[in-house]
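Peer 1: sequence and predicted structure are below.
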Amino acid sequence: SQIDRLREKFSAATPVSNRETLTVGGSYSPSVDLLPSLLAVFRKNHPDVWINHRTDNKAVIERMIVNSEIDLAVINNPPPNHLLVIEPYRREELVAFTHRNSSISRKTKLSWQDFARARIVIRRPFRGEGATERCLQTLTKRGITPNVVMRCDSPEAVKTAVQKKVGIGILFKETIAHEVMQGEFN
């Protein structure tokens, strides 16, 4: 019924004075590539709709959706909030990446020991534990103690730290795809 209401809301051509607005929120990773791509397709199919794209941490986006400040949201690691209807969209893959000129990037294969010795830069979850923290906990249980030297609030800060050769970054693959294609990261 929600999809039918959205279709009905956006199907008819609307005069400029009565334009509908769609406000979509996203946590940092989905807001890098996924949401702009999806919203571009939506915009092409619904040129008379104004689109607002809001980006913030998961807790803020959750609050915005509960308070009806946004119409829908895409976030990683959805919160267990009984007020929200959550539908999985796709799985995100975490990857380790490094500056193209770092000494570790010259290796063709990275061993677990190499990884344990490396300085690691991660995104700090706003609250609770994120996917990266869970991944590092799994490594610790397997006897590999990651050397986390920096926790950042945003994916952009992790990327900047890696560009400055602070260490190896860990982010969702989609978040660094553009930089990898441009040859900035390995």
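Peer 2: Cool, the structure landed.
Peer 1: who's residue 147 bridged to?
Peer 2: Under DSSP bridges, the beta-bridge partners of residue 147 are residue 119.
Peer 1: need phi/psi at residue 61.
Peer 2: Taking degrees, to the nearest 10, you get phi -60, psi -40 for the backbone angles of residue 61.
Peer 1: so which residues of this protein form helices?
Peer 2: For the chain, the helices defined by DSSP state H cover 2-11, 28-32, 34-45, 58-66, 112-117, 131-141, 155-163, 173-181.
Peer 1: which stretch in those has the least confidence?
Peer 2: Ranked by mean pLDDT, the helices of the chain bottom out at helix 2-11, which scores a mean of 72.
Peer 1: I'd like to check what contacts that one. Which residues are they?
Peer 2: If you take CB atoms under 8 Å, 6 or more residues apart in numbering as the criterion, helix 2-11 is touched by 20, 22, 46, 49, 85. Just so you know, the C-beta spots here come from the backbone N, C-alpha and C atoms, and that holds for glycine as well.
Peer 1: just to revisit the earlier point, return the most buried member of the helices of the chain.
Peer 2: Using mean count of other CB atoms under 10 Å, the stretch among the helices of the chain with the greatest mean number of neighbours is helix 28-32 (a mean of 24).
Peer 1: what is it packed up against?
Peer 2: The contact analysis (3 or more CB pairs under 8 Å, 6 or more residues apart in numbering; DSSP states H and E) places helix 28-32 against strand 50-55, helix 155-163, helix 173-181.
Peer 1: turn those into CSV, columns for distance to residue 37.
Peer 2: Formatted as CSV, those follow (distance: least, CB to CB, whole Å):
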stretch, distance to residue 37
strand 50-55, 11
helix 155-163, 16
helix 173-181, 10
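Peer 1: distance of the residue nearest the centre of the chain relative to residue 86?
Peer 2: With the centre of the chain defined as its mean C-alpha position, the nearest residue by CA atoms, centre = their mean is residue 29, 1.2 Å away. Using CB to CB, to the nearest Å, we find residue 29 at a distance of 16 Å from residue 86.
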